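**Q** How does the following fold in three dimensions:
(chains A, B and C)
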Amino acid sequence: MKQFLAFVRKEFYHVLRDRRTLLILFGMPIAQILIFGFALTNEVKDSEILVVDYAKDNASQELLTKIGSSRYFNIRQAALSHNEILSTFRKGKIKAVVVFPAHFNEDLLHQNKAQVQIITDASDVNTANMVTNYLSSIIVDYQNQINANLEIPYRITPEVRMLYNPQLKGAHGFVPGVMALVLLLVSVMMTAISIVREKETGTMEILLVSPFKPVLVIFAKAFPYLALSLVNVTAILLLSVFVLDLPVKGSVALLFAESTLFIITCLALGIFISIKTSSQQVAMLISLMGMLLPTIMFSGFLFPIENMPLPLQVISNIVPSKWFYIIVKSIMIKGLGLAALWRETLILLGMTLFLLLVSLKSFKIRLQ
Amino acid sequence: MEAVVVKNLVKTYGKEQTVAVDDVSFSVGRGELFGLIGPDGAGKTSIFRMLTTLLLPDGGSARVDGHDIVKDFRQIRSSVGYMPGKFSLYQDLTIEENLNFFATVFGTTIEENYHLIKDIYVQIEPFKNRRAGKLSGGMKQKLALCCALIHKPTTLFLDEPTTGVDPVSRKEFWEMLGRLKAQQITILVSTPYMDEASLCDRIALIQGGRILSIDTPQNIIEAYPDRLLAVKANEMYRLLKALESHPDVPSSYAFGEYAHATFRHADTRPLEAYLREQGLTGVEVKDAEVTIEDSFIKLLH
Amino acid sequence: MMQDDRVIVCEKLTKRFGDFVATNEITFDVHRGEIFGFLGANGAGKTTAMRMLCGLSSPSSGKATIAGFDVYTQTEQIKKHIGYMSQKFSLYENLTVRENIEFFGGIYGLSDERIRSKTAELLQRLGLKSEANKLVASLPLGWKQKLSFSVAVLHEPKIVFLDEPTGGVDPVTRRQFWDMIYEAANSGITVFVTTHYMDEAEYCNRISIMVDGRMEVLDTPANLKSSFHARSMDEVFYQLARGAKRGD
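**A** Below is the predicted model:
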């Protein structure tokens, strides 16, 4: 145990004394979260909105004025058919179309409820989502205003139609995505590199020729990166909650438990890479090409998996980050619990055990 | 009991079965300072790695402190000290942190075996808070030796500890080894420098994976079969050319300021005359003091 | 004239890195066809001095000309007239012997015709004809060193710089290597060599020993030994370098 602790301490010295490692470790997650976060919120300002008002009555005009006075939207009015709306979208300038049906005011007065249709271009998922949210809240605002003195409330239901990407895959996905990326970088690449470095400098030879069990050498090297990765998870969550206003809807404890599982998956991968390679460059290249690229491509973080050709969809199933991404997204955004996520968790667990087993099997107590 | 016994050890590498160690046998007595002398690629590192259980032999067997290098690797790993060829310490850790780390890994403390390293450690102690990467070659080497010694090994394996180190540091290093020997630690050291051979109790000359000769340096020198002359002239290059073409000089080569030449006759005066005839000036011919290097060259021919 | 004979002329050549004076006012000349030994303990400033002489690093002060070219302003010409070989970098391991020769010939701007004739001549002289199409990686160390020396003088430079060329080589190969050095010197190429083997120092025409950035001595091996009352160069070196304060 004392040996193990000495090892962990030494590993922390390595990390803390190397400015580049520190930068990758803590600068990168913060930068990524902030870049993704702010790129997202800035886009909604002064969005072009097309309004198609078939009603042209009091209520629709009032609501329109309200939308127009918001700093988020610039309103253009036009009378268009359904097909014309689609072709306008294709030109790509407008972010959303708001359609008031004929008899909007009448419906509201006589049936106490009316509909507004919001059509957005969901191929740009984040913007579409934002625009919808803002429009909906303006409508709710108006509704509360006219309801102030009524016994039977009026209800305006926004009927939202997302064009091109109806299920809104990828929305708010960047936090879980960044989390998967960062954990992968820290756990796979850093672990692999730090073990291979010991091979390169020859210190691994001395460690092997010592009473310390070789397998413990590997675990002792991986352990600090588990700790550092958890620090990163915490940092990312704090940033997303307090800077980006993106709360964790589900259980934080479950989120940490699942993250720990994924970190162990990554560590196992890192160890495996370190066993199979003998230079830091190769280890880094394999980690980047073999791990980072598939995560970006196949986790569903940037490119919706549903839109991919079938073979790629199948391949995506063997990428651990895909499952982690689904889990984190479900916990953070949908607020789901383990009951809904046991399948994904089990898959990830299986992958982890498999990788650990393969790593331990291929680990050699001697030089190759 | 012998500290190290090596029997017919063989090591091959790769698909082509390149032979790195070819049927090597030797033994080292307890407390002996044993040198493995040979150029790069002679197989020194492979032998050391097999003896320290880092590599499995492809043939033959060996015992270290009575333990088999394949079966009993755990016992060997806890009892030997090993200093690999490269500078193998953590560059970003200080002298003290390196030493502490290795002491802990070997399940001991600096205090416990301080007496063993004291002589060496006091020389680098003033810099104990300096990172190992910022040390001079000689100091790194001392630190590496301290780290290899800290767990009081019975047998110490030093793989080319003096390669790339300047002559002053080399000399100091060998003085330290002499003192360690007095502590009853068996030391196996490898080196490409022939002049270091005479500092060992016994040596094995090795080339191409094969041992050419094993004995005390003195015996190896005495076993030199030929008459060896030291010849000097003002122009080395022309002297060598002249010696090369002399019928009674089977081999000749530069050796410091002299050329060494094996010679078939008792009388050297005709040789001197011949060299002057060749236009050489400052000719001087005398009997050479045979060195290990001469023996090695002889064995290679 | 004496002047024509000097291929390296150094006057108070100095290199500073901040407060640290790596090479401190070294002054010396090296003549055509001379084998000049450049010795010093690790960290004495040898590498820094060599870099300046090769035109790779600009001096902080002092003067030097290499093959008649100024080390401050004419580094490109210097590089054309020198050869360089070190223990670490010499040849591309994953190119064949022939490809290496052709590559370095091309680098130094030899015409295709000359590269062809030089390649043939080299392979013949080194006895590597049958190995011409083998990867350098498969050659024994001794051959690699001979080949890389030959490549370093392929463009017939005025001076060839050798940085510890014989490290780790067996004594026979080491001497064969020195035969090549003698031959090159005999043909008029100046050889500037660093080594850790003190017996090799004896093979040089003159030796300089650097201690803590200064050139402490410069003389023939015989004169050095007699002035230090030493039996070997090893002793001379030891007496000088023992007092050194710097390490690398």
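
**Q** Now do the contacts for residue 28.
**A** In the absence of a named chain, this looks at chain A. A:V182, A:L185 (CB atoms under 8 Å, 6 or more residues apart in numbering or on different chains). Every residue, glycine included, has its C-beta placed from N, CA and C.

**Q** that's the other chain; I wanted chain C
**A** Counting by CB under 8 Å, 6+ apart, C:F28 has contacts C:I8, C:C10, C:S208, C:M215, C:L218.

**Q** tell me the SS of it?
**A** C:F28 falls in the strand class when you classify it by DSSP: H, G, I helix; E, B strand; the rest coil.

**Q** how much space between the closest residue to A:M332 other than its chain neighbours and chain C?
**A** If you skip the residues right next to it in sequence, A:M332 has A:V248 as its closest partner in space, 5.1 Å away by CB to CB, 6 or more residues apart in numbering or on different chains. With distances taken as CB to the nearest CB, to the nearest Å, A:V248 is found 51 Å from chain C.

**Q** Kindly report the same for A:I286.
**A** As for A:I286, its distance to chain C is 20 Å (criterion: CB to the nearest CB).

**Q** Ok, B:L205 next?
**A** Counting by CB to the nearest CB - B:L205 and chain C are separated by 10 Å.

**Q** Past the helix or strand of chain A with the lowest mean pLDDT, which element shows up next along the chain?
**A** Across the helices and strands of chain A, mean confidence by mean pLDDT, DSSP states H and E is lowest for strand A:155-163: a mean of 69. Moving toward the C-terminus from strand A:155-163, the next helix or strand (DSSP states H and E) is helix A:174-184.

**Q** Who are the packing partners of that next one?
**A** Applying 3 or more CB pairs under 8 Å, 6 or more residues apart in numbering or on different chains; DSSP states H and E, one finds that helix A:174-184 contacts helix A:28-42, helix A:214-242, helix A:252-276, helix A:293-298, helix A:320-329.

**Q** got the residues of the stretch 151-300 of chain A near chain B?
**A** A:T201, A:G202, A:T203, A:E205, A:I206, A:L207, A:L208, A:V209, A:S210, A:P211, A:F212 (CB under 8 Å from any CB of the partner chain).

**Q** The fourth one against A:L367, yeah?
**A** Yes - applying CB atoms under 8 Å, one finds A:E205 in contact with A:L367, separated by 7.1 Å.

**Q** neighbour-wise, which of the two wins?
**A** Applying other CB atoms under 10 Å in any protein chain shown to A:E205 and A:L367 shows that A:E205 carries more neighbours, namely 23 against 15.

**Q** Checking the nearest residue to C:I78 once chain neighbours are set aside next. Helix, strand or coil?
**A** Closest residue in space to C:I78, ignoring its immediate chain neighbours: C:G55 at 3.9 Å, by CB to CB, 6+ apart. At C:G55, secondary structure determined by three-state DSSP is coil.

**Q** next one: the one 10 residues further on
**A** For C:T65, the secondary-structure state derived from three-state DSSP is strand.

**Q** Same question for B:N100.
**A** helix.

**Q** Run a quick neighbour tally on C:S227.
**A** C:S227 has 11 nearby residues by other CB under 10 Å.

**Q** just A:G202 next, same as before
**A** 18.

**Q** Write out the residues of chain C neighbouring chain B.
**A** C:40-43, C:140-141, C:167-173, C:175, C:178-179, C:182-183, C:185-186, C:196-199, C:202-203, C:221-222, C:232-234, C:237-238, C:241-242, C:244, C:246-248.

**Q** Put the buried members of the residues you listed into a ChimeraX selection.
**A** Here is the ChimeraX command that selects the buried residues among the residues of chain C next to chain B (16 or more other CB atoms under 10 Å in any protein chain shown):
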select /C:40,41,42,43,141,167,168,169,170,171,172,173,175,178,179,182,185,196,197,198,199,202,203,221,232,233,234,237,238,241,244,247,248
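
**Q** can you pull out the helices in chain C?
**A** C:46-53, C:75-81, C:97-107, C:112-126, C:141-152, C:171-186, C:198-201, C:221-227, C:233-241 (DSSP state H).

**Q** Over to the stretch 1-150 of chain A?
**A** A:2-17, A:19-22, A:28-42, A:58-69, A:82-91, A:104-106, A:125-147 (DSSP state H, counting those that start in this stretch).

**Q** For the fifth one, list every residue counted as buried.
**A** Applying a neighbour-count criterion of 16+ other CB under 10 Å, the buried positions in helix A:82-91 are A:I85, A:T88, A:F89.

**Q** burial measure for the residue nearest to the last one when sequence neighbours are not counted, as a count.
**A** Excluding its sequence neighbours, the residue lying closest to A:F89 (CB to CB, 6+ apart) is A:D121, at 5.5 Å. Each residue near A:D121 was counted by other CB under 10 Å, and the total is 20.

**Q** Tell me how far A:D121 lies from A:L50.
**A** Distance, A:D121 to A:L50, using CB to CB, to the nearest Å: 11 Å.

**Q** Looking at strand pairing, list the partners for A:V97.
**A** A:L50, A:I119 (DSSP bridges).

**Q** Please disregard the earlier target; I meant C:D163.
**A** With DSSP bridges as the rule, C:D163 is bridged to C:S86, C:T194.

**Q** tell me, what's touching A:E205 and A:L367 both at once?
**A** Common contact partners of A:E205 and A:L367 (CB under 8 Å, 6+ apart): B:R49, B:L54.

**Q** if we can go back for a sec, what about the residues of the stretch 151-300 of chain A next to chain B, which are in helices?
**A** A:T201, A:T203, A:E205, A:I206, A:L207, A:L208.

**Q** Could you give the number of residues near the last one?
**A** So the one you mean is A:L208. If you count neighbours by other CB under 10 Å, A:L208 ends up with 22.

**Q** go on, the first one?
**A** Using other CB under 10 Å, A:T201 is surrounded by 18 other residues.

**Q** The nearest residue to it once chain neighbours are set aside: what secondary structure?
**A** In this structure, A:T201 finds its nearest non-sequential neighbour in B:S88, 6.0 Å apart by CB to CB, 6+ apart. Under the three-state scheme (three-state DSSP), B:S88 adopts coil.

**Q** Show me what the worst-scoring helix or strand of chain B on mean pLDDT packs onto, helices and strands only.
**A** In chain B, no helix or strand scores lower on mean pLDDT, DSSP H and E than helix B:167-181, which sits at a mean of 88. Applying 3+ CB pairs under 8 Å, 6+ apart, one finds that helix B:167-181 contacts strand B:33-37, helix B:114-124, helix B:137-149, strand B:186-191, helix C:233-241.

**Q** Can you list the buried residues in it?
**A** Quick answer for helix B:167-181 (16+ other CB under 10 Å): B:P167, B:V168, B:S169, B:R170, B:K171, B:E172, B:F173, B:W174, B:M176, B:L177, B:L180, B:K181.

**Q** Equivalent analysis for stretch C:60-69, please.
**A** Going by neighbour count (16+ other CB under 10 Å), the buried part of stretch C:60-69 is C:G62, C:A64, C:T65, C:I66, C:A67, C:F69.

**Q** now for the residues you listed, which pair is the farthest apart?
**A** Put simply, by CB to CB the two of the buried residues of stretch C:60-69 set farthest apart are C:G62 and C:A67, 17.6 Å from each other.

**Q** ok, the residue of chain C most remote from its centre - contacts?
**A** Within chain C, the residue lying farthest from the chain centre (CA atoms, centre = their mean) is C:S130, at 29.1 Å. For C:S130, the contact set (CB under 8 Å, 6+ apart) is empty.

**Q** any idea of the pLDDT on it?
**A** Model confidence at C:S130, given as pLDDT, is 88.

**Q** Show me what the strand or helix carrying B:L229 pairs with in its sheet, parallel or antiparallel.
**A** Assessed by DSSP H and E, B:L229 sits inside strand B:227-232. Strand B:227-232 has the following strand partners under DSSP bridges: strand B:258-263 (antiparallel), strand B:284-287 (antiparallel).
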